[in-house]
Every structure is written in structure tokens, then in C-alpha cells.
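1. what follows is a predicted structure for the sequence shown.
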Amino acid sequence: MFGQMTLNEKKFIETALLSDLRIDGRGPFDYRNVTIKFGREDGSSEVQLGQTRVMGFVTSQLVQPYRDRPNEGTLSIYTEFSPMADPSFEIGRPGVFAVELGRIVDRGLRESRAVDTESLCVVAGKWVWAIRIDLHILDNGGNLVDAANIAALVALLTFRRPECTLGGDNDQEVIIHSPEVREPLPLIVHHLPVAITFAFIGSESTVVIDPSDFEEAVMGGKLTATLNTNGDVCAIQKAGGDGVIQSVILQCLRIASVKAADITNKIKKAVSG
């Protein structure tokens with residue numbers, strides 16, 4: 001990130017939070033502004049959350065299915081951290097940060113079965129679509145998980161895969177049609193699992209939502225709750241710090257549920273607009 005923080009800087013952030021003040025002027029549960037843009041191609045997105053910027057790209061290819069799931073396509077997530085985004089990122093090797101980020105986004109999306117993988121089957125046991133999400137971190141201004149998660153959702157919603165039919169001698173040959181011949185198909189997305197992250201800061205364990213990079217440098221731990229608008233909790237991930245008491249987790253979930261609904265509306269508006 002930005003060199004090591006001095007003790008005074010840390011103390012300043014912690015003391016301000018005791019008076020419910022954050023150094024960027026937000027209240028403890030104020031989320032930074034989310035901006036959603038689209039790339040030229042279907043399935044590409046750029047999300048800005050405060051100073052954090054993440055790009056998402058979705059691609060697909062026909063592959064053989066896993067043996068234990070012959071009639072299901074697959075969904076996989078890859079993260080790429082540019083040293084331009086943060087000097088602590090190294091070229092060519094994913095740090096703990098990158099692995100954790102990919103895992104949290106992956107859990108929220110895959111374990112909640114947000115994308116209908118059965119609809120990605122072309123010939124059971126033979127050919128299915130493999131959907132790949134690439135997330136590129138352009139600027140790290142804190143809370144990469146939430147920004148990357150939104151970028152992944154927007155890219156999935158705007159992606160179109162080629163239409164294909166069966167032909168050939170025994171109707172077992174897959175013919176992939178170009179967009180000019182047949183309209184490409186959107187993915188079937190059942191619901192939108194939105195990740196909302198909280199940081200625990202200082203000896204008083206003050207809770208703040210959507211931590212900035214400065215706040216992440218002083219936090220003792222963090223919690224990411226992934227929820228959809230039905231109120232389902234799709235995943236919870238707690239990293240670092242001491243244990244968190246149940247009442248604090250429940251408070252975080254209540255706040256996360258409201259924020260997730262806000263962000264879902266924002267995503268839907270941007271995609272349909």
C-alpha cells in the first residue's frame with residue numbers, strides 16, 4: 001500500500017472513530033459512492049468504489065464437464081493485481097490478498113448457485129460451457145472485495161454466450177453460431193449475491209462499513225457478509241482479529257441487508273439502462 005503508517009496516524013484514525021468520525025468524512029455506516037461503467041464488449045464492467053477501481057471480464061468456452069456433474073457447466077474466478085494499483089502487489093504471483101479476494105467472491109457466487117449451471121449444458125457428459133470471470137484490480141483504495149464482487153455481477157449480467165445447436169451425421173456435433181446468424185444468449189442468473197464488508201478498528205473494536213485503505217491498515221479484523229435481496233445470507237467470511245460477539249454480527253447483517261438492497265438496485269438500473 002502506502003509505506004507503513006506511523007503510530008500517530010493510526011491513533012488519529014482510531015480516536016476520530018470513537019467520536020463516530022472517519023478521516024474521509026463518512027459516518028461509521030456510510031458506504032462510498034459506487035459508479036458502474038461498461039466496456040465495449042458484452043460481459044465487461046468497470047466499478048469504482050471511492051478510490052478503488054476494479055474491472056471485470058466474462059468469457060466462455062466449450063469444455064468437457066466434470067465426471068460427477070455431467071449436465072452442469074462451470075463458473076470460475078481469477079484475480080489479477082496490478083502493481084500500479086498498489087506497490088505491495090507483486091507481478092506474476094498472487095499474494096495472500098489475491099487468493100482471499102478470489103475465494104470470497106467465488107464463495108458468494110458459486111455456493112449460493114447464483115448462476116444456473118445446468119442451463120450451460122450442451123450435450124450431457126460431453127460438452128458444457130465453462131464461464132470464466134477475470135477481475136483486474138486497477139486501484140486499491142480499500143475494500144477490494146465489495147468492488148470486485150460488484151464488477152463480477154455486472155459482467156455476468158451483461159455477458160452473452162454464443163448460441164449453439166447440434167448437427168452433423170448423428171446430431172452429436174456442436175455447431176457454434178456467430179452473433180450475426182443467431183442472437184447470443186444471456187446467462188440465467190437466479191439472484192445477485194452482494195458482498196458487504198465491515199472492519200473492526202481499535203481496542204474498542206469500533207465497526208465501520210466499506211473500509212478505506214487507511215482504515216484497512218489499522219483494522220484488527222474484518223467481516224464480509226454476502227446477501228441477496230431475498231434476505232438470504234449466501235456467505236460470511238471473518239478474517240483476522242479476535243472473535244466477534246453475536247450481537248455485533250447480527251447488527252452487521254441488518255446493515256448489510258439494507259446496503260445489499262441499495263447496491264442491487266444500482267446494478268439493475270445500470271444494466272437495464
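-> Noted; the coordinates are in hand. Numbering: from 1, shown residues only.

2. mind telling me what element the residue of the chain most remote from its centre is part of?
-> Residue farthest from the centre of the chain, counting by CA atoms, centre = their mean, is Asp169 at 43.5 Å. If you go by DSSP states H and E, Asp169 is not part of any helix or strand.

3. got the phi and psi for it?
-> Note on Asp169: its backbone torsions stand at phi -60, psi -50 [degrees, to the nearest 10].

4. so who does it touch?
-> Applying CB atoms under 8 Å, 6 or more residues apart in numbering, we find Asp169 in contact with no residue. The way it works is simple: take the backbone N, C-alpha and C, and place the C-beta from them, glycine included.

5. how about the helices in the stretch 101-250 of the chain?
-> Assigned by DSSP state H, counting those that start in this stretch, the helices in the stretch 101-250 of the chain fall at 144-158, 213-218, 246-272.

6. as JSON lines, these with mean neighbour count, mean pLDDT and distance to Glu46 would be great.
-> Conversion of those to JSON lines gives the following (neighbours: other CB atoms under 10 Å; pLDDT from 0 to 100; distance: least, CB to CB, whole Å):
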{"stretch": "helix 144-158", "mean neighbour count": "26", "mean pLDDT": "97", "distance to Glu46": "7"}
{"stretch": "helix 213-218", "mean neighbour count": "19", "mean pLDDT": "89", "distance to Glu46": "19"}
{"stretch": "helix 246-272", "mean neighbour count": "16", "mean pLDDT": "94", "distance to Glu46": "11"}
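
7. I'd like the ones you listed written out as TSV, with distance to Ile201 added.
-> Below are those laid out as TSV (distance: least, CB to CB, whole Å):
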stretch	distance to Ile201
helix 144-158	17
helix 213-218	6
helix 246-272	13
